[in-house]
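Chemist: I need the structure of the sequence given here:
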Amino acid sequence: MIKICIADSLPVVIQGLQSYFHNNNRMEIIASAKNLESLLTILDEKRCNILLLDIELSGLSSIRDIKSLLKDFPETKIILFTSVTEQMYAPTAIKAGVSAYISKNSDLKELENAISKVSEGKIVFSETVKKSIEMLSKGKKSERLFKKLSTREIEVLRYLNDGKKNKEVAQILGLDEKTISTYKLRLLAKLNVTNLVDLLKKAKDLDII
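Modeler: Below you'll find the predicted structure:
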């Protein structure tokens with residue numbers, strides 16, 4: 001039996017998944033968490049094979065928190081089940097070690113199939129993400145730039161590309177607004193551009209976002 005934990009701030013999502021997997025003879029939802037604090041308590045107390053995690057879970061501030069979960073609970077495979085666009089987050093998340101990235105717009109049968117594959121040790125992500133990751137593995141300029149950019153810089157870049165202002169990005173990541181401005185200046189310097197429009201255009205041209 002595949003033992004599943006759900007971590008999502010929305011009760012309707014938790015209830016919907018519990019209803020869908022009720023009486024499933026291969027998968028069982030053994031716990032649910034509405035914030036990072038309760039999730040950590042559950043993972044300390046229960047053995048979960050799969051964690052269905054929403055990136056926007058209350059208390060989860062960045063990819064660094066996900067890396068900590070992967071490090072502290074290596075026996076639990078993480079599937080990101082979220083409405084955050086995969087183009088913005090999936091390549092970094094897969095690189096960090098998550099096992100799958102599934103959109104909440106997907107059919108629940110697709111999620112169930114992903115859980116089966118992940119439990120078998122497979123990595124599950126879309127063709128769009130696959131192309132982005134393949135680009136990173138090739139000896140192109142985009143790869144060199146990716147290596148120059150920190151995970152947090154890439155994270156900030158993708159939020160900016162999503163149309164968020166410095167203040168919004170700061171709130172999401174739990175950082176000071178001045179810190180976000182510093183990250184933006186570093187990005188401009190590293191990609192050799194002078195303004196946000198050119199920064200985002202160059203990042204897109206190089207398949208960084």
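Chemist: Going along the chain, name the strands of this structure.
Modeler: Secondary structure of the chain (DSSP state E): strands located at 2-7, 27-33, 50-53, 77-82, 100-103.
Chemist: mind listing what the fourth one pairs with, with the direction of each?
Modeler: By that I understand strand 77-82. Strands flanking strand 77-82 in the sheet, each with its direction: strand 50-53 (parallel), strand 100-103 (parallel) (DSSP bridges).
Chemist: Check the second one too.
Modeler: If you go by DSSP bridges, strand 27-33 pairs up with strand 2-7 (parallel).
Chemist: can you give me how far the strand it pairs with is from the chain middle?
Modeler: In terms of Cα atoms, centre = their mean, to the nearest Å, the centre of strand 2-7 is set 17 Å apart from its chain centre.
Chemist: Ok, stretch 181-201 next?
Modeler: A distance of 23 Å separates the C-alpha centroid of stretch 181-201 from that of its chain, computed with Cα atoms, centre = their mean.
Chemist: Return the set of buried residues in it.
Modeler: Judged by neighbour count (16 or more other Cβ atoms under 10 Å), stretch 181-201 contains these buried residues: 183-184, 186-188, 191, 193, 199-200. Quick note: C-beta positions are derived from backbone N, CA and C, even for glycine.
Chemist: got it, and stretch 159-174?
Modeler: For stretch 159-174, the neighbour count (16+ other Cβ under 10 Å) marks 159-161, 164, 166, 169-170, 172-173 as buried.
Chemist: Please apply the same query to stretch 51-67.
Modeler: Applying 16+ other Cβ under 10 Å to stretch 51-67 flags 51-55, 57-60, 62-63, 65-66 as buried.
Chemist: If anything else comes up later, I'll come back, but that's it for now.
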